[in-house]
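Chemist: Provided below are the primary sequence and the corresponding predicted coordinates.
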Amino acid sequence: MTTTGSSRTPAEAPPRRARRKRAAAPRRGGRPSRAAAERLGETILEAATELFLGNGYGVTSIEAIARRARISKRTFYSRFRDKAELFGAVVHRVVERLRPPDDARLFEGGALEEILLRLAQAILQAALTAEALALHRLVVAEATRFPELARLASERGGGREAVRRIAALLDGEVAAGRLALADTSFAAAQFLQMVVATPQRRALGLGPPMSAAELGHWARATVALFLDGCRGMRVAPVARRGADER
């Protein structure tokens, strides 16, 4: 007897197991998970760091970064507004990778001289790494054509935070009557320059690089000179300048 109507033959009906598999198939598309978004951000930053430090800022295009990261330009622009914003993120990433794991402990325990010596050693260790030197070289070489690089390096490079924290340390010494400083922020900035300027210049090729022993002596001598100057100050710099002008 022939069956009529809309009934499907067994050959036409999909197997029940296949129907269940299709129903259980994961959905595609949609927003990525937080972990996937973080991995994507790291992939872009890693590619940008390699290209910026290896080739320079000016010649590194967004297209080249996207190719290195294996993403589309649309994906890039979903994360960063432009190349300058990406560079700021690269600077911040470099600084965070060089930051000691528990840097708050550098400011704790011991006399002021001991704390400043720990800070000087940590600053030199970070500033003289290959990555930090490459970043400094990049900013110096291209800041004239791209003034935003110097601004971003200053804002995201950690220098302002270091000055603020060292100034707070000096404020405590002034309050206790152990130092006489009119401007602790100025003094903190000078301390940073005293510690890093010459070793960094020599590491960049402007003279022979310092050995580990030389760097240790440099840190100790710099701290001693800085504190001798701070303890010897009895007249505020502004007041002294006014007196000289008269």
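Modeler: Arrived safely.

Chemist: the helices in this structure, which residues?
Modeler: Counting by DSSP state H, the chain has helices at residues 16-24, 34-55, 62-69, 73-79, 83-98, 112-127, 130-142, 147-156, 159-175, 184-203, 212-232, 237-245.

Chemist: got the contact list for Ala47?
Modeler: Contacts for Ala47 (Cβ atoms under 8 Å, 6 or more residues apart in numbering) come out as Ile65, Arg68, Ala69. All C-beta spots, glycine's among them, are computed from the backbone N, C-alpha and C.

Chemist: just the pLDDT for the last one.
Modeler: For Ala69, the pLDDT comes out at 91.

Chemist: any chance you could list what contacts stretch 217-229?
Modeler: Counting by Cβ under 8 Å, 6+ apart, 112-113, 116-117, 120-121, 124, 187, 190-191, 194-195, 198-199, 210 sit against stretch 217-229.

Chemist: returning to what we had before: the helices of the chain: which one's closest to Ala104?
Modeler: helix 159-175 (9.1 Å; Cβ to Cβ).

Chemist: residues touching the closest one, excluding its own?
Modeler: Taking Cβ under 8 Å, 6+ apart as the rule, helix 159-175 contacts 107, 112, 115, 119, 123, 154, 179-181, 184-185, 187-189, 191-192, 230.

Chemist: burial of the closest residue to Gly41 other than its chain neighbours, as a residue count?
Modeler: Spatially, and ignoring its direct neighbours in sequence, Gly41 is nearest to Arg79 (6.3 Å; Cβ to Cβ, 6 or more residues apart in numbering). Arg79 has 15 neighbours, counted by other Cβ atoms under 10 Å.

Chemist: could you do the one 10 residues further on as well?
Modeler: Ala89 sits with 19 neighbouring residues when counted by other Cβ under 10 Å.

Chemist: and it, how far is that from Gly232?
Modeler: According to Cβ to Cβ, to the nearest Å, Ala89 and Gly232 sit 43 Å apart.

Chemist: so Gly207 touches Gln200, yeah?
Modeler: No - Gly207 is beyond contact range of Gln200, at 10.6 Å (criterion: Cβ atoms under 8 Å).

Chemist: more crowded one of these two?
Modeler: More neighbours surround Gln200 than the other of Gly207 and Gln200, with 19 against 11 (other Cβ under 10 Å).

Chemist: so where is the protein shaky, pLDDT-wise?
Modeler: 1-32, 101-102, 157, 233-246 (pLDDT under 70).

Chemist: any idea how it splits into domains?
Modeler: Per automatic domain parsing, the structural domains of the chain span 35-80, 102-245.

Chemist: so which of these gets nearest Val95?
Modeler: domain 102-245 (4.3 Å).

Chemist: measure how far that closest one is from the centre of its chain, please.
Modeler: Counting by Cα atoms, centre = their mean, to the nearest Å, domain 102-245 is centred 17 Å from the centre of its parent chain.

Chemist: stretch 83-95 too?
Modeler: 7 Å.

Chemist: the nearest residue to Pro199 once chain neighbours are set aside: neighbour count?
Modeler: Spatial nearest neighbour of Pro199, excluding adjacent residues (Cβ to Cβ, 6+ apart): Met210 at 5.3 Å. Here the number of neighbours of Met210 (other Cβ under 10 Å) works out to 18.
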